[in-house]
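*Asks:* Got a sequence here, can you model it:
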Amino acid sequence: MSTKVQVAEKTKAEPSIYTIPLYRVIFHNDDVTHFDFVVAALMQFFEHELPSALKITAEVHKEGCGLAGVYALEHAEMRRDQAIEAARAYKFPLQISIEPEL
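*Replies:* Residues are numbered from 1 along each chain as shown. Okay, here's the model as predicted:
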């Protein structure tokens, strides 16, 4: 009894030229939201360590805005929404925008 073995020809996969568009998440300064809240939000929702959260928060305070991170759109929206929801629970008017990464 003979059996035939089929061997699949190995082909080299072409590298994908499709890249997922990325978006910048930006915190905006206001006169009501506490500095400590912004630091905590950056750590909790954007996974920053304390030194980088402090640096970004200082930039928001001094420059008017600061970059929290760059993410795929769904992740950017989710993180923004979570941070804003937490801010509203404390009656803070925190504003966070999303813009395309160029």
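
*Asks:* Now the longest helix along the chain - C-alpha only, CSV.
*Replies:* Across the chain, the longest stretch assigned as helix under DSSP state H is helix 73-89. Provided in CSV are the C-alpha atoms of helix 73-89 (Å, rounded to 0.1, in the frame of the first residue of the first chain):
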residue,chain,number,x,y,z
LEU,A,73,-8.5,55.3,17.4
GLU,A,74,-10.5,52.8,19.5
HIS,A,75,-8.0,52.8,22.3
ALA,A,76,-7.6,56.6,22.2
GLU,A,77,-11.4,57.1,22.4
MET,A,78,-11.7,54.5,25.2
ARG,A,79,-9.0,56.1,27.3
ARG,A,80,-10.3,59.6,26.7
ASP,A,81,-13.9,58.6,27.6
GLN,A,82,-12.8,56.8,30.8
ALA,A,83,-10.7,59.8,32.0
ILE,A,84,-13.5,62.3,31.2
GLU,A,85,-16.1,60.1,33.0
ALA,A,86,-13.9,60.0,36.1
ALA,A,87,-13.5,63.8,35.9
ARG,A,88,-17.2,64.3,35.7
ALA,A,89,-17.7,62.2,38.8
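
*Asks:* I'd like the distance between the residue lying closest to residue 72 once chain neighbours are set aside and residue 86.
*Replies:* Distances taken as CB to CB, 6 or more residues apart in numbering place residue 20 nearest to residue 72, at 5.0 Å, with adjacent residues excluded. Placement of C-beta: from N, CA and C, glycine included. Distance, residue 20 to residue 86, using CB to CB, to the nearest Å: 26 Å.

*Asks:* And residue 18, by the same measure?
*Replies:* 34 Å.
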